[in-house]
Each structure stands twice: as C-alpha cells, then as structure tokens.
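K.L.:
Curious how this folds, go ahead:
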Amino acid sequence: MSSLRPWWALVLFTALTLPLMPLQQLFVWFWPRMARVFPMHYHRLVCRILGIRVEVIGKAPEQGPLLIACNHVSWLDIVVLSAVGPVSFVAKKEVSRWPFFGTLARLQRTIFVDRERRHATGGSRDEMRERLTAGDIIVLFAEGTSGDGRSVLPFKSSFFGAAEMPGVLVQPVSLAYRGHQNLPMNRRILPLYAWYGDMDLAPHLLGALRAGPIEVAVVCHPPLSLSGELNRKALARHAQEQVRQGLVLALHDPGKIR
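P.N.:
Below is the predicted model of the structure:
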C-alpha cells in the first residue's frame, strides 16, 4: 500500500468534513429530521474515502424508536454503523472533550455518559428515554469498552432500562471486521483496526489508513422487547449471546447467517 494513501485519505476526509460541520449544526438547530439522516449520507462517503466496504446482513435499522446493542471493536465502528442507518451514539463523557472528534460526536447528537459514577446512570438513562420517545435510533456499545474484534465481552445491563417503554425495541447487532484487501482478516492484521487497551488513537488511525481497504460485516439480528419475563438483565444476556453468535458466524461461517 502506498505510503501516500493515508495522507490523501486524510486530506479528502478533511475537505469533505470541514464544510459540512456548520451545515450539520444548522440541521441540529432548525431541522431535527435532517440532523438524523444527514450523518448517514456523510459517513457513506467517508467509508469510500477510508476504503471500508460494508456488508449488511439482516434488516438494517431504518426508523426509531430503537436501541441498538452492539459489540465495540474500533473507532471505525462509528463510521460503519452511521453508514448503515440514521443513528446516534452513547459514548463515555471523555469523548466530548476530544479535539475535533468530540465536536463531530456532538454534531451527531451523541449522548455522553459517565460510566464511572453510578449515580449519573439514571440521568443518562432518562436522556436516552427522551431521545427514544422522539423516535431516535440510539447505538449502545453494551460492553462498556472496546474489544479485540474476535470475542464479545459481557454486556452491561444498566442502560437497557432506557428501553423499558411501550413501543421501544432493542436490536442486537454484530460488528465483524472480516476482510482485508479482498482476503480474510487474520489475527496479525486485525489489531490494525481493533482499537482497545492502551493504544494511542493517532498512530492507530494512520496505521489503519495505511493498511486498508477492509470489509466489515454488520449483522442485524431480529429486534427484542422488554416484555413478559425478559427484564433488562435477561435482555442484556440474550442480546450478548446473539451478538456473540453473529460475530463467530460472520468470521468463520458466514453462509449460515444469510
């Protein structure tokens, strides 16, 4: 891969993004419906610039109210999931203070939560409920952190309580980084994209751009609801198992999930 590729990608990304940021801010202020869908079209262009081919398996989310429970692999998850549907995200509060990327997160109407302080969970959950009541699609990375892209960590159930309202569904979604330069993703290459532990963002970003293109599968499982015997903890366990199975099949036997 040419050593110039990541720099050209960054130049194109910047040239696309900077003029559209004030436009999205106007949508947030004056045209909420467009503020939901505009990032989807923007991120589809970003996928092309970054060399990400997205394959959707199952029925992609189209309208809310819907809470998506997903595994978390990389900073690229935001780009991939945003390209699939008109979504907003739940993110840790530290993201709001990141230079530039924090601004992008706010423009996409991200809900920032403090996972370290338990008493703050209720307020964040209430904000999620308000957004769901308004018809939003909200992505919850239910592990509470990012992983290695080959396994799924236990889902935390706290924020599943936001879906305890009539008409709100929870859709498990598996993200599988399974292809690299038209070949299967292997254990040596995957850490170039899976961002976890104490990896620094800037060198990881450049390394990913240098190594692409890649293929990412988004496995959309049937939606679930908090009703009957399925309380939020049972729902979290069930969603975790569906996401885990979807990840395993997408990586090792994709024919079984079509």
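
K.L.:
ok, whatever helix or strand Val218 lives in: who's next to it in the sheet?
P.N.:
Assigned by DSSP states H and E, Val218 falls within strand 214-220. With DSSP bridges as the test, strand 214-220 is paired with strand 52-58 (parallel), strand 169-180 (antiparallel).

K.L.:
And the strands in this structure?
P.N.:
Using DSSP state E, the strands of the chain run over 52-58, 66-70, 88-92, 111-113, 137-141, 169-180, 183-184, 214-220.

K.L.:
What are the contacting residues of stretch 23-33?
P.N.:
34-35, 38-39, 42, 107-109, 134 (C-beta atoms under 8 Å, 6 or more residues apart in numbering). The C-beta positions use only the backbone N, C-alpha and C, and glycine is treated the same way.

K.L.:
returning to that earlier point: and the strands of the chain, which one averages the lowest pLDDT?
P.N.:
Lowest mean pLDDT within the strands of the chain: strand 183-184, a mean of 84.

K.L.:
which strands and helices sit next to that one?
P.N.:
Contacting strand 183-184 under the criterion 3 or more C-beta pairs under 8 Å, 6 or more residues apart in numbering; DSSP states H and E is no other helix or strand.

K.L.:
thinking again about what came up before, how far does the strand holding Val218 sit from its chain's centre?
P.N.:
Mean-position distance between strand 214-220 and its chain equals 11 Å (C-alpha atoms, centre = their mean, to the nearest Å).

K.L.:
any residues touching that strand, and which ones?
P.N.:
Contacts for strand 214-220 (C-beta under 8 Å, 6+ apart): 51-61, 76, 80-81, 84, 171, 173-182, 185, 193, 246-247, 249-250, 254, 257.

K.L.:
at 7 Å instead, please
P.N.:
51-61, 80, 84, 171, 173-180, 193, 246, 250, 254, 257 (C-beta atoms under 7 Å, 6 or more residues apart in numbering).

K.L.:
Of those, keep whichever come out buried.
P.N.:
The neighbour count (16 or more other C-beta atoms under 10 Å) marks 51-52, 54, 56-58, 61, 80, 84, 171, 173-180, 193, 246, 250, 257 as buried among the contacts of strand 214-220.

K.L.:
Done for today, thanks.
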